[in-house]
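A.B. asks: Let's see this in three dimensions:
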Amino acid sequence: MGTVRKDNDLPVVYLARHGETPWSLTGQHTGLTDLPLTERGEQNAKALASRLNGLKFSMVLTSPLQRAVRTCALAGFASAATIDRGLLEWDYGQYEGRRTAEIHVERPDWELFRDGCPGGESPDQVAARADDVLTRVRGARADVLLFSSGHFLRVLAARWLGLAPAGGRYLLLSTASLSALGYEHNRSQPVIRLWNDTRHVDA
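C.D. replies: Reported below is the predicted structural model:
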């Protein structure tokens with residue numbers, strides 16, 4: 001597998017979404033419920049190892065939830081990783097474990113990235129956590145690797161681009177996918193260099 005082509009020496013921030021879990025398979029919102037990977041999730045996490053082979057990182061951070069920690073370990077970065085609670089998935093509050101279709105029966109116009117979750121986090125609260133992570137990441141002089149969950153990483157990417165957290169609704173992420181954030185010419189021009197790459201899983 002090829003790596004992200006770099007036209008300059010500016011760092012790249014790689015985003016790895018955790019492998020499949022029982023609830024990601026069924027479409028249930030999985031925030032702070034600490035679910036393990038499925039067997040397929042473990043296999044796909046191992047495939048990330050070959051996808052990331054040869055890359056060097058100045059910083060590796062992972063959410064403390066076991067689905068992210070296990071994905072990080074199976075990808076080969078357990079010894080290099082630091083647990084970072086800022087990378088936790090969105091707290092879905094009363095919507096934890098529920099499917100979007102079920103929520104729409106009660107609230108037909110509900111949109112996660114706009115409305116947040118009752119008893120959980122608002123989009124602005126998730127964005128604030130993402131901004132804190134990005135403050136640390138932007139100080140890196142070399143590439144960085146983050147292991148986290150889908151909705152949080154979508155907000156993180158939106159904030160990287162300077163967009164409101166609602167921008168995350170347009171950035172779909174598959175389990176065990178790899179994405180990369182970077183810059184075009186300088187640090188004032190943030191871009192998405194790679195998004196939702198699952199070639200290592202689909203091969």
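A.B. asks: Flag every buried residue along the helix or strand bottoming out on mean pLDDT in the chain.
C.D. replies: The helix or strand of the chain with the lowest confidence, counting by mean pLDDT, DSSP states H and E, is helix 199-202 at a mean of 90. By neighbour count, and taking 16 or more other C-beta atoms under 10 Å as the criterion, the buried residues in helix 199-202 are 200, 201. (Glycine included, C-beta is placed from N, CA and C.)
A.B. asks: which residues are in contact with it?
C.D. replies: 1, 44, 47, 48, 50, 51, 174, 176, 177, 178 (C-beta atoms under 8 Å, 6 or more residues apart in numbering).
A.B. asks: The last one bridge partners, please.
C.D. replies: Spelled out, that is residue 178. Beta-bridge pairing of residue 178, defined through DSSP bridges, involves residue 16, residue 197.
A.B. asks: Tell me how many other residues crowd it.
C.D. replies: 26 (other C-beta atoms under 10 Å).
A.B. asks: And the fifth one, by the same measure?
C.D. replies: When counting by other C-beta under 10 Å, one arrives at 13 neighbours for residue 50.
A.B. asks: one step back: identify the farthest-apart pair in the contacts of helix 199-202.
C.D. replies: Across the contacts of helix 199-202, the two members that end up farthest from each other (C-beta to C-beta) are 50 and 174, 17.0 Å apart.
A.B. asks: before we move on, back to that, could you export the least confident helix or strand of the chain as PDB, CA atoms only?
C.D. replies: Coordinates of each C-alpha in helix 199-202 appear next as PDB, following Å, rounded to 0.1, in the frame of the first residue of the first chain:
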ATOM      1  CA  ARG A 199      -8.100  -0.400   0.700                       C
ATOM      2  CA  HIS A 200      -6.200  -2.400   3.300                       C
ATOM      3  CA  VAL A 201      -9.600  -3.900   4.500                       C
ATOM      4  CA  ASP A 202     -11.100  -4.400   1.000                       C
END
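A.B. asks: Now do that helix: distance to the chain's middle.
C.D. replies: For helix 199-202, the separation from the chain centroid amounts to 17 Å (computed by C-alpha atoms, centre = their mean, to the nearest Å).
A.B. asks: cool, and stretch 168-179?
C.D. replies: With C-alpha atoms, centre = their mean as the basis, the distance from the averaged C-alpha position of stretch 168-179 to the chain average is 7 Å.
A.B. asks: Look up which helix or strand the residue nearest the centre of the chain falls in, please.
C.D. replies: Centroid-nearest residue in the chain, with C-alpha atoms, centre = their mean: residue 153, separated by 3.2 Å. Secondary structure here is read from DSSP states H and E; on that basis residue 153 sits in helix 150-160.
A.B. asks: Identify the residues contacting that helix?
C.D. replies: Contacting residues not belonging to helix 150-160 are listed as 13, 15, 17, 24, 63, 87-90, 112-113, 123, 126-127, 129-131, 133-134, 146, 148, 164-169, 171-173, 175, 179, 181, 190, 192, 195 [C-beta under 8 Å, 6+ apart].
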